[in-house]
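Asks: Fold the following, please.
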Amino acid sequence: MNNYYALINRITARPGKRDEVIEILLEAGSPFQDNPACLLYLVNADARDPDVIWVEDLWTSKEAHATAMAAPPMRPQVARALPLLVGMPEQTEIIPAGGKGL
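Replies: Here you go, the predicted structure:
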């Protein structure tokens, strides 16, 4: 098995706030563009539920992900997004088994 660290996050925005939350998530993820440990950061709008957002993360390691999440620029983004959410994001760790992109 590989050493990748992968997550799928289900985020529920308050009604009418999904686009605003997506904008914050994309802005928060912009530093990942230059981070070689981040192999995938994909923000998706749910096709059926107008309030749900799915975020997929693939990192070289759990430690690299934790370091990126602890970076000071992330804190204000999280603070901006939390009031726009219904509850906390549901985070599921997954184990990539293979396929295109790995």
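Asks: alpha carbons only for contacts and neighbour counts from here, please
Replies: Noted.
Asks: Next, residue 38: phi, psi?
Replies: phi -90, psi 110 (degrees, to the nearest 10).
Asks: Assess the claim that it and residue 58 are in contact.
Replies: Yes: using CA atoms under 8 Å, residue 38 is in contact with residue 58, at 6.2 Å.
Asks: where exactly do the strands run in this structure?
Replies: 5-12, 38-45, 52-59, 90-94 (DSSP state E).
Asks: for the chain, longest helix please?
Replies: helix 18-29 (DSSP state H).
Asks: Let me have the strands of the chain in CSV, extended by mean pLDDT and distance to residue 24.
Replies: Shown next, in CSV, are the strands of the chain (pLDDT from 0 to 100; distance: least, CA to CA, whole Å):
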stretch, mean pLDDT, distance to residue 24
strand 5-12, 97, 12
strand 38-45, 97, 10
strand 52-59, 97, 12
strand 90-94, 97, 17
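Asks: got the CA positions of stretch 6-15 in CSV?
Replies: Presented in CSV, the C-alpha positions along stretch 6-15 are these (Å, rounded to 0.1, in the frame of the first residue of the first chain):
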residue,chain,number,x,y,z
ALA,A,6,-6.2,11.3,1.4
LEU,A,7,-9.5,12.9,2.7
ILE,A,8,-13.0,13.5,1.4
ASN,A,9,-14.7,16.3,3.2
ARG,A,10,-18.5,16.9,3.1
ILE,A,11,-19.3,20.5,4.0
THR,A,12,-22.8,21.9,4.3
ALA,A,13,-23.2,25.6,3.8
ARG,A,14,-26.1,27.6,5.2
PRO,A,15,-28.8,28.0,2.6
